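Engineer: Give me coordinates for this.
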Amino acid sequence: MGGEKGPSIASETKASEVDYDALLVLIECMEQMPPLSRQEIADLSANQHAVVERMVATGEIWNQASSGPAFLSLDEGEFRNHLKAIDNDLGEQTAIVAESFARYLKVGEVPAPYYPWRIAIILRREKRPELEKRFLAAWCQHFPGGNGARYGQLVDRFRKLG
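Structural biologist: Numbers count the residues shown, from 1 in each chain. Take a look at the predicted model:
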């Protein structure tokens, strides 16, 4: 990793209209879906107990037992390389958030905030503030708090867009 300088191929990636269309579909889905209540999340979380039981029985890690995205099961080095390769890919980031949001609605597992953060960064870099604001509004509707600083940073970013 050292002191490498210069843009990588991933940093030069420009979002396509297909990527923007996919993001709009995700935003519309999030906008139309009412936020889950605490009780709904608790009821859905009961499904997570089955995942834990499967982990104990099979020795699988959480992502394997819960049928999450395959890249989350990579070893640390491969995982970091994968993240770096898709860091500025709006289509990949959108697909991850869409899959995570669907899993949240199914089992109450709150999505990691890294991927929506990357979407916001990409939209800012591509000078799409209205789309960034709309995406963050939809995200914050469902995840206004969360555990960890990045959730708060997403809310703060939304507020700054006013």
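Engineer: element containing residue 151?
Structural biologist: Using DSSP states H and E, residue 151 sits in helix 149-161.
Engineer: Who are the packing partners of that helix?
Structural biologist: On a contact count with 3 or more C-beta pairs under 8 Å, 6 or more residues apart in numbering; DSSP states H and E, helix 149-161 meets helix 114-125, helix 129-142. Where C-beta positions appear, they are placed from N, C-alpha and C, glycine not excepted.
Engineer: Which one of these lies nearest to residue 159?
Structural biologist: helix 129-142 (8.8 Å; C-beta to C-beta).
Engineer: what number of residues lie near residue 17?
Structural biologist: 7 (other C-beta atoms under 10 Å).
Engineer: repeat for residue 125
Structural biologist: 14.
Engineer: List the residues that contact it.
Structural biologist: Counting by C-beta atoms under 8 Å, 6 or more residues apart in numbering, residue 125 touches residue 88.
Engineer: Quick check: the gap between it and residue 144.
Structural biologist: Per C-beta to C-beta, to the nearest Å, residue 125 is found 25 Å from residue 144.
Engineer: ok, now how distant is residue 33 from residue 53?
Structural biologist: As judged by C-beta to C-beta, residue 33 and residue 53 stand 29 Å apart.
Engineer: Please identify which of those two sits among more neighbours.
Structural biologist: Applying other C-beta under 10 Å to residue 33 and residue 53 shows that residue 33 carries more neighbours, namely 14 against 11.
Engineer: quick one: low-confidence parts of this protein?
Structural biologist: Across the chain, the ranges flagged by pLDDT under 70 are 1-13, 47, 61-76, 78-83, 85-86, 146.
Engineer: now for the longest helix belonging to it, which elements pack on it?
Structural biologist: Among the segments of the chain that qualify as a helix by DSSP state H, the longest is helix 38-58. The helices and strands touching helix 38-58, judged by 3+ C-beta pairs under 8 Å, 6+ apart, are helix 62-65, helix 90-107.
Engineer: No more questions from me, cheers.
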